[in-house]
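Asker: sequence and predicted structure below; questions after.
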Amino acid sequence: DVVMTQTPVSLPVSLGGQASISCRSSQSLVHSNGNTYLHWYLQKPGQSPQLLIYRVSNRFSGVPDRFSGSGSGTDFTLKISRVEPEDLGDYYCLQSTHFPRTFGGGTKLELK
Amino acid sequence: EIQLQESGPGLVKPSQSLSLTCSVTGYTITSGYDWSWIRKFPGNKMEWMGYISYSGSTNYNPSLKSRISITRDTSKNQFFLQLNSVTTEDTATYYCAKTDYWGQGVMVTVSS
């Protein structure tokens, strides 16, 4: 299985500040079709995960441009600028290039 | 808007089978996409369990070996999870999902 190493586990932030989460895969996530299937989710307390970014850098419908995704190959980053209270929760990366699909271990974004 | 809703018992005895239903509205599951089951364990680890595609083919996480089965009822626009021979290690919140939309989840406890 592809191991997704997500860091940090916990990320204290100040409102209005910036946050950066890393996700590294044990092998390249470039599919044979040339696409890279690395996605980012946010799970707010008491809710189900919601898609933020799909295929590395594409914001899902309704996601503010404060969220941005980048990376390639095995190294990916989610950045959140101007953190707002509704951004707090657990963030996960997911790869669906390889079988089986695998998740990162999660990052808890919390107030400093 | 696509909506997914899980249903099923919240308590299952060890060695028995866990059966869950995912009801989909806003999209016909035979029209496209893969329809997955994902679970989140206490401690926050996420595991992709498997999917049934729009064509009816299935793909399962090898970690679940022969215990898992995902089927569907196209007349009701539902798909189902069956997990056999459960143990306390299968205690988790179970989600049905496509990449961009998830259900609210159902907590299942395996206990005698």
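Answerer: Arrived safely. Numbers count the residues shown, from 1 in each chain, chains lettered A, B, ... in the order given.
Asker: bridged to the most centrally placed residue in chain B, which residues?
Answerer: With distances taken as C-alpha atoms, centre = their mean, the residue of chain B nearest its centroid is B:Trp37 (3.4 Å). Note on B:Trp37: beta-bridge partners B:Gly50, B:Cys96, judged by DSSP bridges.
Asker: got a pLDDT number for it?
Answerer: If you check B:Trp37, the pLDDT there is 98.
Asker: from what I see, it and B:Tyr94 are in contact.
Answerer: Yes - at 6.5 Å, B:Trp37 and B:Tyr94 qualify as touching, with contact defined as C-beta atoms under 8 Å. Where you see a C-beta, it was placed from the backbone N, CA and C, and this is true even at glycine.
Asker: which residues do those two both contact?
Answerer: By the contact definition C-beta atoms under 8 Å, 6 or more residues apart in numbering or on different chains, B:Trp37 and B:Tyr94 are jointly contacted by B:Leu20, B:Leu81.
Asker: count of neighbours near A:Gln47?
Answerer: Per other C-beta atoms under 10 Å in any protein chain shown, the neighbour tally for A:Gln47 reads 12.
Asker: before we move on, what SS does it have?
Answerer: Here A:Gln47 is recorded as coil under DSSP: H, G, I helix; E, B strand; the rest coil.
Asker: let me see the contact set for it.
Answerer: A:Gly89, B:Gln104.
Asker: per-residue pLDDT, it?
Answerer: pLDDT, A:Gln47: 96.
Asker: and for B:Tyr101?
Answerer: 96.
Asker: that one and B:Gln5 touch, don't they?
Answerer: No - using C-beta under 8 Å, B:Tyr101 is not in contact with B:Gln5; the gap is 11.0 Å.
Asker: dump the residue contacts of A:Val30.
Answerer: Residues in contact with A:Val30, defined by C-beta under 8 Å, 6+ apart, are A:Thr36, A:Ser72, A:Gly73, A:Thr97.
Asker: give me the beta-bridge partners of it?
Answerer: Beta-bridge partners of A:Val30, as defined by DSSP bridges: A:Thr36.
Asker: and what of B:Val106?
Answerer: According to DSSP bridges, the residues that bridge with B:Val106 are B:Tyr94.
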